[in-house]
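Peer 1: Take a look and give me a structure for this.
(chains A and B)
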Amino acid sequence: MNFDFSDDQKLIQKTARDYLAQHAPLSVCRRVLEGNERYDAALWKGAAEMGWLGAAVPEEYGGSGLGHLELVLIAEEIGRSLAPIPFSSSAALATEALLVAGSEAQKKKLLPRLCSGELIGTLAVAEGTGDFDVATPGTRIEGGRVTGEKLPVSDGDVAGIALVLVRDGSGASLALVDLEAPGVTRTSLESLDPSRSQAKLGFSNVPAEIVGASGKGREIVSKVLDRAAVVMAFEQLGGAQRALDVTRDYALGRYAFGRPIASFQALKHRFADLFCAIELARSNAFYGAWALSHGNDELPLAACGARIAATDAFELAAKDMIQIHGGVGYTWEYDCHLFYRRAKLLGLVLGSASEWREKLMTRLEAREAA
Amino acid sequence: MDFNDTAEEAAYRAKARAWLDANAEPVDPNEPSGDPLAEREDDDMIRSAKAWQAKKFDAGWACITWPKEYGGQGGTTMQSVIFNQEQSKFKTPPPIYTIGHGMLGPTIMTHGTPEQKTKHLRTMARGEEIWCQLFSEPAAGSDLAGLRSTAVRDGNDWVLNGQKIWSTGAHFSKWGMIVVRTDPNAAKHAGLTYFILDMESKGIEIRPIKQINGGSGFNEVFYADVRVPDSNRVGAVGDGWRVALTTLMNERVAIGAGSATGGFRHLLKLARDAKRGGRPAIEDSAVRQKLAELWVTQQGLKYTGFRTLSALSQGKIPGPEGSIGKAVGAPMAQEMAALAVELQGPLGATRDAAATLHEGLWQGMWLATPGIRIAGGTDEILKNIIAERVLRLPPEVRLDKDMPFRDVPTGPPSK
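Peer 2: Down below sits the predicted model:
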């Protein structure tokens, strides 16, 4: 049994960690959060140059040709640094959608530009309140033209292309839309985590091409979400671990009643619970990474486990982070709210944990029935 | 990253499997696994357990990690895990040797005299004699070093007095390993000494404890002027705590390696069979959310176990993070049982095998699981271990640590 990453993979992770420690301290996240930029362009360029955006993309399409085990470890470091870049939207969602369902021509044309970072991509599925994984999209395609509205779309205001789930006759298809095209309106929304942008996309008779088989949009989106869920689970893990580490250091240095607050059992048990939650999430994420990289039938279940556990762990870590910091944790000046915002945002952008728990049950039942 | 055996591991597994195929009957995976804490400790069970252990010993499958000179196989922990994984697919007698083989044997190997090793380890490995652990006391559970049973030197013997509790299997054990206080004037941890005790000695009285689930796997053991020869002492006088820690460290490995998380499929089946609002309970959204949560926790434990096995496979020693398995697994088992009982509605309030779904098995588990959260380290002690040894947070304030043990308060001050 070797349920672990290889030394080479760990070296890639270490390189990413070192790079981000130097180029993406939390002040970079804060700068985007407080400023008018929607993401940090210099860091995005750096991520592209490091080969991260195409880590799992074959070299023939401009990628690094490594694999998903490398991609997830890079995602963990992106998460640890709270990097304010559209990594998950572009490198996980859009890129995976093209890898899963794109035609040769689409892959040849778009993947190199996504890998180089010159093009940002995203996936547009949700339409307002309700399930993220909307059953019958109101946005529709007729005669090769898309009309409708998607809300919210992660990084929709900075992306150059979107893969849009659209109604297509009686079914649903995935449509590739150039967001620079006439008829597209992009509205930035105030994000719960302003270091990661959210937008509304309007389409009025915008030309589009279908990605994958016509009428198979929901199946494709489901596959893409499974893959992105595993990648994002590592991003969430990285954030959760950083929150734990920072909070631990704070609790060791903060004295009350004549002793470090980390010595109080009420907090020690809180830390122990958090440690368990993170480690269980890590184990679920490892399993997801294994299933993803081996193209295994277990991926639909493993992705649910990875998504749910990582979402719960990061949200717990971020909540505890503020609680254990006490009053200062509630100030704008301290970094706790960066984690609190990011944890919730990541926990929602692919659909909430409860939505994934429902998905998990449907899949478990299907497997038991088989 | 893969789940495959190395070539050596695969060969070892095949060899183990072949021997088990020839010597035991396989388990039917669709058969309910039964109450995990059911106690069937009658003479027949002991006889069959002894016979199975002797068979394994003679064929070279007993105490795989022990050195050959002590009756083991000089194998790796991974080989031991592989054999146990394969053995779990066969019907075998209940594991009455876990404490001896997993904890007490290794303690004798580390701290025992040459004579003790020669006299005991081989017969322990072959299962001819069963061993029990005599550590906890009524006033020393989580605070084990606060134990009050005493031993006083008398010539070549020591004379023991006091009481132990929660001694699994004491009633069918030939030998026990006991920690007692030999110097009440020394500080708490410094006044303890560790002995091997012949359970047939005069002055020992063993009383079974009736548990809340009706079973009696544990005992109270009383000592009245029990004589133990000094040659049975393990480690130096006053060094008992250090010797006991060897035992306890091996307990964590033994428990961590064996933490099973089966049962979810049965819970899923129960949710299909039980009704809520006239429909199968599994269609109820609240039930689905809870089931999904439990599945994810269980998967997390399973793959945390695989990560531990990977470390073992690479020759690394698992650390205190192994406490996760019990810290999370025990409360989860209780939650699963509580959900399963609740899913049966008013019927859940009965334990009648014929009336309940799944033959009252979940009710049994619900009654058994509070014990799992206490035995071998409570939830709270495990969290302390994780906080202090894994996360390196400050240790608990211990007011009794440096004072003579006789001065340690045992109750509220008298007015």
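
Peer 1: next one: the strand ranked longest in chain A to chain centre, how far?
Peer 2: Counting by DSSP state E, the longest strand found in chain A is strand A:198-211. For strand A:198-211, the gap between its own C-alpha mean and the chain's C-alpha mean amounts to 21 Å (CA atoms, centre = their mean, to the nearest Å).

Peer 1: what about the helices in the chain?
Peer 2: You didn't pick a chain, so chain A it is. Assigned by DSSP state H, the helices in chain A fall at A:7-23, A:26-34, A:41-49, A:68-80, A:87, A:95-101, A:104-115, A:217-253, A:265-293, A:299-325, A:336-349, A:353-369.

Peer 1: Let me rephrase: I mean chain B.
Peer 2: Under DSSP H, chain B gives helices at B:7-23, B:43-59, B:77-87, B:98-99, B:105-111, B:114-126, B:240-258, B:264-273, B:285-313, B:323-343, B:361-372, B:379-385.

Peer 1: Against which helices or strands is the second one packed?
Peer 2: The criterion is 3 or more CB pairs under 8 Å, 6 or more residues apart in numbering or on different chains; DSSP states H and E, and the helices and strands that helix B:43-59 contacts are helix B:7-23, helix B:114-126. No exception for glycine: its C-beta is placed from N, CA and C like everyone else's.

Peer 1: which stretches of chain B have low pLDDT?
Peer 2: B:29-41, B:251-262 (pLDDT under 70).

Peer 1: let's go with 50 and repeat that
Peer 2: B:35-37, B:254-261 (pLDDT under 50).

Peer 1: Run a quick neighbour tally on residue 95.
Peer 2: Looking at chain A here, since you left the chain open. Residue A:95 sits with 30 neighbouring residues when counted by other CB atoms under 10 Å in any protein chain shown.

Peer 1: wrong chain, I was asking about chain B
Peer 2: Neighbour number of residue B:95 under other CB under 10 Å is 14.

Peer 1: Quick check on it: phi, psi?
Peer 2: phi -80, psi 90 (degrees, to the nearest 10).

Peer 1: picking that back up, is it possible to export the helices of chain A to JSON lines including mean pLDDT?
Peer 2: JSON lines is the format used below for the helices of chain A (pLDDT from 0 to 100):
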{"stretch": "helix A:7-23", "mean pLDDT": "97"}
{"stretch": "helix A:26-34", "mean pLDDT": "98"}
{"stretch": "helix A:41-49", "mean pLDDT": "98"}
{"stretch": "helix A:68-80", "mean pLDDT": "98"}
{"stretch": "helix A:87", "mean pLDDT": "98"}
{"stretch": "helix A:95-101", "mean pLDDT": "98"}
{"stretch": "helix A:104-115", "mean pLDDT": "98"}
{"stretch": "helix A:217-253", "mean pLDDT": "98"}
{"stretch": "helix A:265-293", "mean pLDDT": "97"}
{"stretch": "helix A:299-325", "mean pLDDT": "98"}
{"stretch": "helix A:336-349", "mean pLDDT": "98"}
{"stretch": "helix A:353-369", "mean pLDDT": "95"}
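
Peer 1: Select, out of those helices, the one closest to residue A:141.
Peer 2: helix A:217-253 (9.5 Å; CB to CB).

Peer 1: can I get the helices of chain B in TSV with mean neighbour count?
Peer 2: Converted to TSV, the helices of chain B look like this (neighbours: other CB atoms under 10 Å in any protein chain shown):
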stretch	mean neighbour count
helix B:7-23	14
helix B:43-59	15
helix B:77-87	20
helix B:98-99	20
helix B:105-111	21
helix B:114-126	17
helix B:240-258	19
helix B:264-273	17
helix B:285-313	21
helix B:323-343	22
helix B:361-372	21
helix B:379-385	20
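
Peer 1: Not counting sequence-adjacent ones, nearest residue to the residue in chain A positioned nearest to chain B?
Peer 2: Nearest to chain B in chain A, going by CB to the nearest CB, is residue A:280, at a distance of 3.0 Å. Leaving aside its chain neighbours, residue A:280 sits nearest to residue B:300 (3.0 Å; criterion: CB to CB, 6 or more residues apart in numbering or on different chains).

Peer 1: Ok, residue A:199 next?
Peer 2: Here the residue nearest residue A:199, using CB to CB, 6+ apart, is residue A:156, at 3.3 Å.

Peer 1: Residue A:201 is in contact with the one you found, correct?
Peer 2: Yes. Residue A:156 lies in contact with residue A:201 (CB atoms under 8 Å); the separation is 4.8 Å.

Peer 1: re the thing from before, reformat the helices of chain B as TSV; add distance to residue B:215.
Peer 2: Compiled in TSV, the helices of chain B are given as follows (distance: least, CB to CB, whole Å):
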stretch	distance to residue B:215
helix B:7-23	29
helix B:43-59	13
helix B:77-87	24
helix B:98-99	17
helix B:105-111	26
helix B:114-126	25
helix B:240-258	19
helix B:264-273	21
helix B:285-313	25
helix B:323-343	15
helix B:361-372	8
helix B:379-385	21
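
Peer 1: Could you point out which of those helices sits nearest residue B:166?
Peer 2: Here helix B:361-372 is closest among the helices of chain B (CB to CB), at 9.7 Å.

Peer 1: what's that closest one packed up against?
Peer 2: Helix B:361-372 is packed against helix B:323-343, with contacts defined by 3+ CB pairs under 8 Å, 6+ apart.

Peer 1: Which residue ranges make up each domain of chain A?
Peer 2: Here the domain parsing of chain A from automatic domain parsing is A:7-115, A:121-215, A:218-369.

Peer 1: now the ones you listed as JSON lines including distance to residue B:17?
Peer 2: Listed next are the domains of chain A as JSON lines, based on distance: least, CB to CB, whole Å:
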{"stretch": "domain A:7-115", "distance to residue B:17": "31"}
{"stretch": "domain A:121-215", "distance to residue B:17": "44"}
{"stretch": "domain A:218-369", "distance to residue B:17": "24"}
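
Peer 1: Tell me which of those sits nearest to residue B:317.
Peer 2: domain A:218-369 (17.6 Å).

Peer 1: how far is that closest one from where the chain is centred?
Peer 2: With CA atoms, centre = their mean, you get 12 Å for domain A:218-369.

Peer 1: swap in stretch B:45-61?
Peer 2: How far stretch B:45-61 lies from its chain's middle: 20 Å, per CA atoms, centre = their mean.

Peer 1: Format the CA atom coordinates belonging to that stretch as CSV.
Peer 2: As requested, the backbone C-alpha atoms of stretch B:45-61 are provided in CSV (Å, rounded to 0.1, in the frame of the first residue of the first chain):
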residue,chain,number,x,y,z
MET,B,45,-15.2,-20.2,23.5
ILE,B,46,-11.9,-20.3,25.5
ARG,B,47,-11.2,-23.8,24.3
SER,B,48,-11.8,-22.9,20.7
ALA,B,49,-9.7,-19.7,21.0
LYS,B,50,-6.8,-21.6,22.5
ALA,B,51,-7.0,-24.3,19.8
TRP,B,52,-7.0,-21.6,17.0
GLN,B,53,-4.1,-19.8,18.6
ALA,B,54,-2.0,-23.1,18.9
LYS,B,55,-2.8,-23.9,15.3
LYS,B,56,-1.6,-20.5,14.2
PHE,B,57,1.5,-20.8,16.3
ASP,B,58,2.4,-24.2,15.0
ALA,B,59,2.0,-23.0,11.4
GLY,B,60,4.0,-19.8,12.0
TRP,B,61,1.2,-17.2,12.0
